[in-house]
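J.: sequence first, then the predicted structure, then my questions.
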Amino acid sequence: VQLQASGGGLVQAGGSLRLSCAASGIIFSMNNMGWYRQAPGKQRELVANIASGGRTNFVDSVKGRFTISRDNAKNTVYLEVNSLKLEDTAVYYCNAEGISSGGLFNVWGQGTQVTVSS
């Protein structure tokens, strides 16, 4: 299973972006899907995740500004990032876990850069 992330870019503070992450492969079931981010000099942190049934979880710093959703038919997870702040600048990574033809998997996307300017 592979994940392909897209949608990052350079945006002014207060702006918005939509990140997408599509999984490919022979996937029997997809469980949790999520987004993490890593800023320069900092550890990777969970931003948001969404369970197969739609239950979501967000880090406190993005609550009310970010929305996570998924399209189970497309094995794709989205992250709508709104009201961006300078501190949201980071490489955003998607993550997914589930069961494929190869067994259990937990995979990462390649990362997409989000840069917020003042």
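T.: Alright, I've got the coordinates.

J.: elements contacting the helix or strand containing Leu79?
T.: If you go by DSSP states H and E, Leu79 is part of strand 76-81. Applying 3 or more C-beta pairs under 8 Å, 6 or more residues apart in numbering; DSSP states H and E, we find strand 76-81 packed against strand 17-24, strand 27-38, strand 45-50, strand 66-71, strand 90-100. Every residue, glycine included, has its C-beta placed from N, CA and C.

J.: what are the pairing partners of it, and which direction each?
T.: Within its sheet, strand 76-81 is paired with strand 17-24 (antiparallel), strand 66-71 (antiparallel), according to DSSP bridges.

J.: chain center to it: distance?
T.: Between the centre of strand 76-81 and the centre of its chain there are 6 Å (C-alpha atoms, centre = their mean, to the nearest Å).

J.: before we move on, back to that, which of the strands paired with strand 76-81 sits closest to Gly111?
T.: strand 17-24 (10.3 Å; C-beta to C-beta).

J.: how about the closest one: buried residues?
T.: Residues of strand 17-24 classed as buried: Leu17, Leu19, Ser20, Cys21, Ala22, Ala23 (neighbour count, 16 or more other C-beta atoms under 10 Å).
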